[in-house]
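> here is the input, now give the coordinates:
(one chain, ligands or ions: 1)
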Amino acid sequence: MMKIDVVTIFPGILEGPFKESMIKRAIDKGFVEINLVDLRDYTHDQHRQVDDYPYGGGYGMVLKPEPLFEAIEDLKNHSDSHHSRVILLTPQGKRFDQQDARRLSTDAHLIMICGRYEGVDERVRIELVDEEVSIGDFVLTGGELGAAVVVDAIVRLLPGFLAEEASADESFTGSLLEYPHYTRPAIYRGMAVPPVLLSGNHGEISRWRRKQSLKRTQERRPDLLKKANLSKMDQDYLEEL
Ligand code: SAM
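Here you go, the predicted structure:
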């Protein structure tokens, strides 16, 4: 079973996302154990202080090194796996994508550090962190929502959790965006479902979906087509478009 420790000074923020729907199911079914680790439990002073003023002056506070070092060391010491990967959520990290989610879903133990204020003391990053991950080119107030995003993307890919087919055609899996979906009713407010989807002809449906995927990707993310594995038929269709 995969274990994910999320180190935060606001564990309450993350209680909701892991108590609902698919992530809850993954926890209940024993695919993953997720622990919210309160960084303040690794302080030794009366005020349970986790932050301090930045050397050199300037705006904001910085998460102190001592509680983070003690927390990460403790979590590693109590880990059943011989390798624990420490991930720092930071807007300065590598932009997280589906390949990262797939790669990390094979790890046994992840420790995620959620920054706050101006971030964490640089010595934490240098000494403890294996990977720095950003969820996009914008700045959040803290790493908790980023950790929720990363955990969600990883957990749904845990081997055996979702049916293989569920992620096979998914956006980014084969470098294309997924085709559009329809459900009942067949006609809603005058808008009809494409007849091919009602035909029961699986070959035709699968060709239609492939074309829709190609069309969408070309319209919205032409950059993805450069690394996609395209057949001669795909290329002919794109030229037609
Ligand atoms: N001073 C930092 C900088 O300019 O790079 C930004 C700090 S931000 C206000 C506080 C914390 O939110 C960060 O330490 C990080 O953990 C988290 N965070 C903010 N934006 C993020 C992003 N795009 N991806 C992942 N984590 C982010």
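
> quick one: furthest residue from the center of the chain?
G190 (37.9 Å; CA atoms, centre = their mean).

> any idea how far it is from L198?
17 Å (CB to CB, to the nearest Å). For glycine as for every other residue, the C-beta is placed from the backbone atoms N, C-alpha and C.

> give me the below-cutoff pLDDT ranges for this structure.
In the predicted model of the chain, residues 164-165 satisfy pLDDT under 70.

> pick out the residue of it closest to the ligand.
Residue of the chain nearest the ligand, by CB to the nearest ligand atom: G115 (2.1 Å).

> max-length helix in this protein?
Taking DSSP state H as the criterion, the chain has its longest helix at helix 202-220.

> and that one, what's buried?
Judged by neighbour count (16 or more other CB atoms under 10 Å), helix 202-220 contains these buried residues: 205, 208-218.

> ok, stretch 154-164 next?
Across stretch 154-164, burial judged by 16+ other CB under 10 Å covers 154-158, 161-162.

> do the same with stretch 83-99
Of the residues in stretch 83-99, 84, 86-91, 93, 96 count as buried by neighbour count, 16+ other CB under 10 Å.

> quick one: list the elements packing against the helix or strand harbouring R103.
Assigned by DSSP states H and E, R103 belongs to helix 98-104. Judged by 3 or more CB pairs under 8 Å, 6 or more residues apart in numbering; DSSP states H and E, helix 98-104 is in contact with strand 85-95, helix 144-155.

> what residues does this structure put near the ligand?
Within reach of the ligand by CB under 6 Å from any ligand atom, the chain has these residues: 89-92, 114-116, 118-119, 134-136, 138-143, 146.

> in ChimeraX, how would I select the buried members of these?
Here is the ChimeraX selection string for the buried members of these, based on 16+ other CB under 10 Å:
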select :89,90,91,114,115,116,119,134,135,140,142,143,146
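
> quick check: domain ranges of this structure?
2-155, 169-240 (automatic domain parsing).

> ends of the shortest one, what's the gap?
Going back to what we said before, that points to domain 169-240. In domain 169-240, first residue to last residue: 23 Å (CA to CA, to the nearest Å).

> and for the first one?
Looking at domain 2-155, the gap from its leading to its trailing residue is 9 Å under the measure CA to CA.

> quick check on T8: phi, psi?
phi -150, psi 160 (degrees, to the nearest 10).

> oops, could you answer that again for E15 instead?
Taking degrees, to the nearest 10, you get phi -70, psi -40 for the backbone angles of E15.

> quick check, it in contact with N35.
No. Here E15 does not reach N35: they are 11.9 Å apart, not a contact under CB atoms under 8 Å.

> of the two, which one has the most company?
Ranked by neighbour count (other CB atoms under 10 Å), E15 and N35 place N35 first, with 14 against 10.

> okay, the more buried one and A71: tell me how far apart.
Separation of N35 from A71 (CB to CB): 11 Å.

> same question, T217
In terms of CB to CB, T217 sits 42 Å off from A71.

> compute the number of surrounding residues for R125.
For R125, the count of nearby residues is 20 (other CB under 10 Å).

> I figured it was touching E132, is that so?
Yes. Checked against CB under 8 Å, the pair R125 and E132 is within contact range at 7.1 Å.

> need the residues touching each of these two.
Listed as contacting both R125 and E132 by CB atoms under 8 Å, 6 or more residues apart in numbering are 88, 90.
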